[in-house]
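Student: Dropping the sequence and predicted coords here.
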Amino acid sequence: MTYAPNLAKQYQQQQIVNASAAEQVVMLYDGAIRFCNMAKEAIAAGDIQARHNSNKRAMEVVSYLLDILDHEKGGDVAKRLQMIYAFLLRRMLEVDFRNDPRICDEVVQHLQTLRASWHKIVQNERAKKAGSAPAGESDTVAVRSAIA
């Protein structure tokens, strides 16, 4: 049965490699949300080390999202995302300082909102590939160009 974990990992890696840039951003949001929820669970369990580790992983994901912003192509959208990511990172620092699960909920709520926007871009990309681009598809070009 040692093959199952390896196959799952290979499948996951293949999914990432084959994903579009927007799909990869959605995956990053999913990871950050998962790690924030794990930090919240660790707070409830009184496990400070697990909270710290999970929160750190969430911060690494948001930091990566911040690092890959393309300010040249993304313009105003990239600037806004930079401000949002910086705000989220400050709030995540407070999770460790205050050990407050409500901050985790707040961060997750913001991440879910951002994820929903990027998921819409993914849907538009898929519709365009299928030949039925939805109305308003051009609205997503500015957001898509914010990521390198």
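Tutor: Cool, the structure landed.

Student: what separates the residue most central in space within the chain from P101, distance-wise?
Tutor: Central residue of the chain (CA atoms, centre = their mean): Y29, 1.6 Å from the mean position. Between Y29 and P101 the computed distance is 20 Å (CB to CB, to the nearest Å). C-beta here means a position set from N, CA and C on the backbone, and glycine is covered the same way.

Student: Show me what the longest helix seen in the chain is packed against.
Tutor: Looking across the chain with DSSP state H, the single longest helix is helix 101-130. Applying 3 or more CB pairs under 8 Å, 6 or more residues apart in numbering; DSSP states H and E, one finds that helix 101-130 contacts helix 21-45, helix 71-98, helix 140-144.

Student: Could you check the pLDDT of V25?
Tutor: Note on V25: pLDDT of 95.

Student: that older thread, tell me the buried residues in the longest helix of the chain?
Tutor: Using 16 or more other CB atoms under 10 Å as the burial criterion, the residues of helix 101-130 that qualify are 101, 103-104, 106-108, 110-111, 114-115, 118-122, 124-125.

Student: Low-confidence ranges, this protein, go.
Tutor: For the chain, the stretches flagged by pLDDT under 70 are 1-4, 7-18, 132-148.

Student: leaving aside the residues next to it on the chain, what's closest to D30?
Tutor: Using CB to CB, 6 or more residues apart in numbering and skipping residues adjacent in sequence, the residue nearest D30 is R115, 7.0 Å away.

Student: wait, I meant H71
Tutor: A78 (4.7 Å).

Student: how much space is there between that neighbour and L69?
Tutor: 5 Å.

Student: got it, and Y85?
Tutor: With distances taken as CB to CB, Y85 is found 8 Å from L69.

Student: do R90 as well
Tutor: Distance check for R90 against L69: by CB to CB, it reads 17 Å.

Student: Can you report phi and psi for L69?
Tutor: The phi/psi pair for L69 (degrees, to the nearest 10) reads phi -60, psi 140.

Student: ok, how many other residues are close to it?
Tutor: Per other CB atoms under 10 Å, the neighbour tally for L69 reads 19.

Student: wait, doesn't it sit right on I84?
Tutor: No - using CB atoms under 8 Å as the test, L69 is too far from I84 to be in contact (10.5 Å).

Student: Next, give phi and psi for N99.
Tutor: Torsion angles, degrees, to the nearest 10, at N99: phi 50, psi 40.
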